[in-house]
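Chemist: with the sequence up front, the predicted model follows.
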Amino acid sequence: MMGIRVIVAGANGRMGREVVKMLSQHEHLQLVGAVSRSEAGKDVGETLGLGRYGLSFTSSVAEVLNQTKADVLVDFTTPHVVAENMELAIQAGVRPVVGTSGLPEKEIERLSSLCQNKGIGAIIAPNFAIGAVLMMIFAKQAAKYMPHVEIIESHHDRKLDAPSGTAVKTAEMIVQTREEMKQGHPEEKEILDGARGAYYQGFRIHSVRLPGLVAHQEVLFGGNGQLLTLRHDSLNRESFMPGVKLAIEKVIELDKLVYGLENILD
Ligand SMILES: NC(=O)C1=CN([C@@H]2O[C@H](COP(=O)(O)OP(=O)(O)OC[C@H]3O[C@@H](n4cnc5c(N)ncnc54)[C@H](OP(=O)(O)O)[C@@H]3O)[C@@H](O)[C@H]2O)C=CC1
Ligand SMILES: O=C(O)C1=N[C@H](C(=O)O)C[C@H](O)C1
């Protein structure tokens, strides 16, 4: 396989650090740029405890794209900047692989058109853990036969967006097979605001935030006299890395934006 030149945005964050470490373990994946506002100018490897790299952090995606030839931009930043980062990359002919959550549907559509106009690939994956992707696929299958469903997602308390990107994607996949219906008692009333969670086309999504958690989700299906629970737990951030590696390798072959890792699994 040809070498793939990769820029990482959010490289000093929880996910970015893990991506930099993963790249260092694969000869065909070469880190050519790393963005961190707080660590700009410092050596990437020394800052991340990986030994001297001879490559310094850059303070913005615009700057690194200007200075560096790259094939792929991996983005694990925040919902506020991810769209702008993607747009800059697409304009520069660099393919985005995006894990950052919180991108609204309209924005994904707009970025998809940009990719189409430019004829280059991009991947936005709400969750790169293969087990989580399987949970979403199984939830879509189950919803056809058990349409009474609720999603409970639980994350660490540093998370900015709720519900999680994974919960939103799971809900989007569920409604592809679930007959539309409003669940619960027709006269149900919330005594405390938000008690029943966020409403999504007739069913509910609940978000838990606690220190100690990483990334977890349960999809609960109820039927007469039976319950089905699908559960996935990411116990550390290494769990996302096989999916990130796969996306970096696949995005090179794409000529459009793909939303969801399930669409590139063989
Ligand atoms: N798809 C998936 O499988 C997964 C997705 N995620 C998502 O990835 C994203 C990042 O998560 P995580 O690594 O935990 O978050 P962190 O907060 O640890 O890292 C985000 C990094 O983004 C940078 N950043 C923050 N604000 C800005 C800004 N305004 N402009 C430019 N850079 C900024 C910061 O770096 P600095 O201050 O140095 O610039 C920070 O280190 C989240 O949206 C999360 O939901 C997380 C796990 C898995
Ligand atoms: O913020 C996180 O940590 C995670 N975010 C993604 C999401 O919003 O679904 C993926 C994973 O759940 C971890």
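Modeler: Perfect, thanks for sending it. It should be emphasised that the depicted structure is a prediction, and the values quoted were computed from it without experimental measurement. Ligands and ions are numbered 1, 2, ... in the order given.
Chemist: what's around residue 134, how many residues?
Modeler: Other residues near residue 134 come to 14 when the count uses other CB atoms under 10 Å. Every residue, glycine included, has its C-beta placed from N, CA and C.
Chemist: now do the phi/psi pair for it.
Modeler: phi -60, psi -40 (degrees, to the nearest 10).
Chemist: once you drop chain neighbours, what's closest to it?
Modeler: Leaving out its chain neighbours, the residue that sits closest to residue 134 by CB to CB, 6 or more residues apart in numbering is residue 232, at 7.8 Å.
Chemist: with residue 119 instead?
Modeler: Closest residue to residue 119 apart from its sequence neighbours, by CB to CB, 6+ apart: residue 255 at 5.4 Å.
Chemist: next, that neighbour: secondary structure please.
Modeler: Secondary structure assignment for residue 255 (DSSP: H, G, I helix; E, B strand; the rest coil): coil.
Chemist: test my guess that it contacts residue 120.
Modeler: Yes: counting by CB atoms under 8 Å, residue 255 does reach residue 120; the two are 6.6 Å apart.
Chemist: neighbour count winner among the two?
Modeler: Taking neighbours as other CB under 10 Å, residue 255 and residue 120 compare with residue 120 leading, 21 against 12.
Chemist: mind checking pLDDT for that one?
Modeler: Looking at residue 120, its pLDDT is 97.
Chemist: got it, and the one 10 residues further on?
Modeler: In the prediction, the pLDDT value recorded for residue 130 is 98.
Chemist: and for the one 3 residues further on?
Modeler: At residue 133, the pLDDT value in this model is 98.
Chemist: name the element it belongs to?
Modeler: helix 130-145 (DSSP states H and E).
Chemist: got it, and residue 40?
Modeler: With DSSP H and E as the test, residue 40 turns up in no helix or strand.
Chemist: and the residue nearest to residue 29 when sequence neighbours are not counted, how many neighbours does it have?
Modeler: Spatially, and ignoring its direct neighbours in sequence, residue 29 is nearest to residue 23 (4.6 Å; CB to CB, 6+ apart). Neighbour count of residue 23, defined by other CB under 10 Å: 22.
Chemist: so which strand or helix has residue 23?
Modeler: Short version, using DSSP H and E: residue 23 is in helix 14-24.
Chemist: what's that helix packed up against?
Modeler: For helix 14-24, the elements it packs on are strand 4-9, strand 29-35, helix 241-251, judged by 3 or more CB pairs under 8 Å, 6 or more residues apart in numbering; DSSP states H and E.
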